[in-house]
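>>> Return atomic coordinates for the entry below.
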Amino acid sequence: QVQLVESGGGLVQAGGSLRLSCAASGRISMYTMGWFRQAPGKERDIVAGITRSGGSTYYAASVKGRFTISRDNAKNTVILQMNKLIPEDTAVYYCAARSSMVLTTSSSSYNYWGQGTQVTVSS
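Residues are numbered from 1 along each chain as shown. Model (predicted):
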């Protein structure tokens with residue numbers, strides 16, 4: 001079992017950057033990790049995912065080229081670097097862990113979740 005805590009959210013102007021961190025209480029090396037986001041009235045969708053070793057990543061089309069996911073298994077940390085932010089990126093961002101080596105995009109396949117961090121991008 002692992003507990004996840006996100007940090008780094010906030011208010012930023014369009015075009016700016018934010019760096020989200022996900023700190024885990026346990027070892028994350030056995031988990032596929034993902035970042036999801038949920039805007040008001042919308043479903044929780046995957047933003048980016050990364051396999052156990054970090055060798056493979058996935059990005060939603062809307063963030064590809066702007067966001068970068070990375071992990072440090074030694075520090076039990078997952079990072080989402082967000083650049084060139086746009087107002088449409090405004091949402092609560094969640095870190096999630098999946099007890100499988102397979103990277104999937106469905107939120108229902110992730111076992112552990114953080115409490116979320118708010119990201120607001122002003123125009």
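>>> Counting neighbours, show which residues of stretch 16-26 come out buried.
Going by neighbour count (16 or more other CB atoms under 10 Å), the buried part of stretch 16-26 is L18, L20, S21, C22, A23, A24. All C-beta atoms are positioned from the backbone trio N, CA, C, and that covers glycine.
>>> Mind pulling up the pLDDT for the residue positioned nearest the centre of the chain?
To find the centre residue of the chain, average its C-alpha atoms and take the closest one (CA atoms, centre = their mean): that gives W35, at 2.0 Å. At W35 the predicted local confidence, pLDDT, stands at 98.
>>> Next: G114.
For G114, the pLDDT comes out at 98.
>>> Once you drop chain neighbours, what's closest to it?
Once its chain neighbours are removed from consideration, G114 has its nearest residue in L4; the separation is 3.7 Å (CB to CB, 6 or more residues apart in numbering).
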